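> any chance you can model this:
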Amino acid sequence: MNILVLGGNGYLGKKLVGMLREQKHNVTCTIRKSDSRENYIYKDVIIIDANIADITDIMIKNHYDIVVNAVCNYGRSEGLYGDVIEANIEFPLKVLDMAAEYGVSTYITIGTGLPDRLNMYSYSKKMFSEFGGFYVEKKGINYINMKLEMFYGADEPADRFIPSVIRKMIMGEVVNTTIGVQHRDIIYIGDILKAMDIVINSDILGYKEIYVGTGIAPTISEIIDYIWMLTGKKSIVNKGTVPMRKDEPDCIADTSILKNYGDWAPIFWKDGLREMVSLIEQDISRACSELPR
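Numbering: from 1, shown residues only. Below is the predicted model:
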């Protein structure tokens with residue numbers, strides 16, 4: 001299939017492009033203009049700048065079966081930030097409009113399992129999918145909203161919650177957290193790709209929301225305690241020193257819809273974290289060995 005991936009320079013986007021490339025799909029991806037094309041790791045992928053003019057041009061020249069929107073801006077406040085609206089609604093909506101015009105069969109967007117009105121990120125994702133439903137009714141395109149739970153992987157940005165905690169605990173640093181009573185369905189990055197593979201290769205028509213998680217939700221406190229145990233209990237952990245976010249939700253995926261389309265058996269969260277800790281320990285050990293003596 002011919003597949004256009006929006007946001008091919010992001011953590012999930014790069015991995016998705018890699019999977020599609022290995023499966024011999026013809027892949028085009030957008031990257032930010034500020035990112036170097038020379039540093040992009042997949043040399044047999046068509047790369048274009050993330051602007052409407054370039055996307056229009058390539059859609060005219062090529063017929064795409066699927067567009068995958070992996071673009072997002074998480075925002076850092078409750079405020080109405082232009083970047084959040086532009087990244088999560090305006091840009092992907094313009095591409096959705098073009099996809100419908102140029103005969104794309106299916107538009108898949110990366111959404112979130114967070115409550116719709118928790119913050120500007122989750123609200124903007126909800127609003128965009130409202131447009132998706134409209135385009136299904138008026139233009140006949142298929143629209144799939146992949147509502148992801150919190151995913152993790154050893155090579156994700158080190159400032160994200162789980163890798164940050166793991167690295168601090170490996171180094172024996174102090175870790176400050178909330179009391180951690182909120183439940184979180186955490187899912188390994190490899191399983192996100194498996195879910196995407198199931199959906200891309202399924203004949204899904206109309207509008208569909210698919211929740212992607214394990215269906216199991218430990219508390220943040222349980223996750224912290226397990227990482228602490230895996231890393232040798234070297235760190236002092238101060239629970240409750242970080243205030244809980246207002247209206248902090250419990251999140252768990254209903255995986256029944258995904259199971260209807262394929263064999264869905266994600267890694268148990270403890271097994272995934274054990275592998276992640278091992279890989280990060282190897283990475284830190286390798287980095288330390290390369291330091292000048």
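
> ok, now which ones touch V175?
Residues near V175 by Cβ atoms under 8 Å, 6 or more residues apart in numbering: 165, 168-169, 224, 228, 235-238. Quick note: C-beta positions are derived from backbone N, CA and C, even for glycine.

> run the last query once more with 6 Å
165, 168, 235, 237 (Cβ atoms under 6 Å, 6 or more residues apart in numbering).

> out of these, who has the most neighbours?
Ranked by the number of neighbours (other Cβ atoms under 10 Å), these place V165 first, at 21 neighbours.

> which residues of the stretch 101-250 of the chain fall in helices?
With DSSP state H, counting those that start in this stretch, the ranges of helices along the stretch 101-250 of the chain come out as 120-139, 161-170, 189-200, 220-230.

> show me what the shortest one is packed up against.
Contacts defined by 3 or more Cβ pairs under 6 Å, 6 or more residues apart in numbering; DSSP states H and E place helix 161-170 against helix 220-230, helix 269-289.

> how about 8 Å then?
strand 150-152, strand 175-177, helix 220-230, helix 269-289 (3 or more Cβ pairs under 8 Å, 6 or more residues apart in numbering; DSSP states H and E).

> what lines up beside the first one in the sheet?
Take DSSP bridges as the rule and strand 150-152 pairs in its sheet with strand 186-188 (parallel).

> give me the residues contacting the partner strand.
So strand 186-188 is contacted by 148-153, 162, 212-214, 218, 223, 253, 266-267, 269, 272, 275-276 (Cβ under 8 Å, 6+ apart).

> how about 6 Å then?
Strand 186-188 is contacted from outside by 149-152, 213-214, 266-267, 269, 272, using Cβ under 6 Å, 6+ apart.

> what does stretch 198-213 give?
113, 133, 136, 142-149, 185, 187, 195, 253-254, 257-258, 261-262.

> in a helix, T56, correct?
Yes: secondary structure of T56 (DSSP: H, G, I helix; E, B strand; the rest coil): part of a helix.

> coming back round to it: okay, the helices and strands packed on helix 161-170, which one's buried deepest?
Each of these was scored by mean neighbour count; the highest is strand 150-152, a mean of 20, by mean count of other Cβ atoms under 10 Å.
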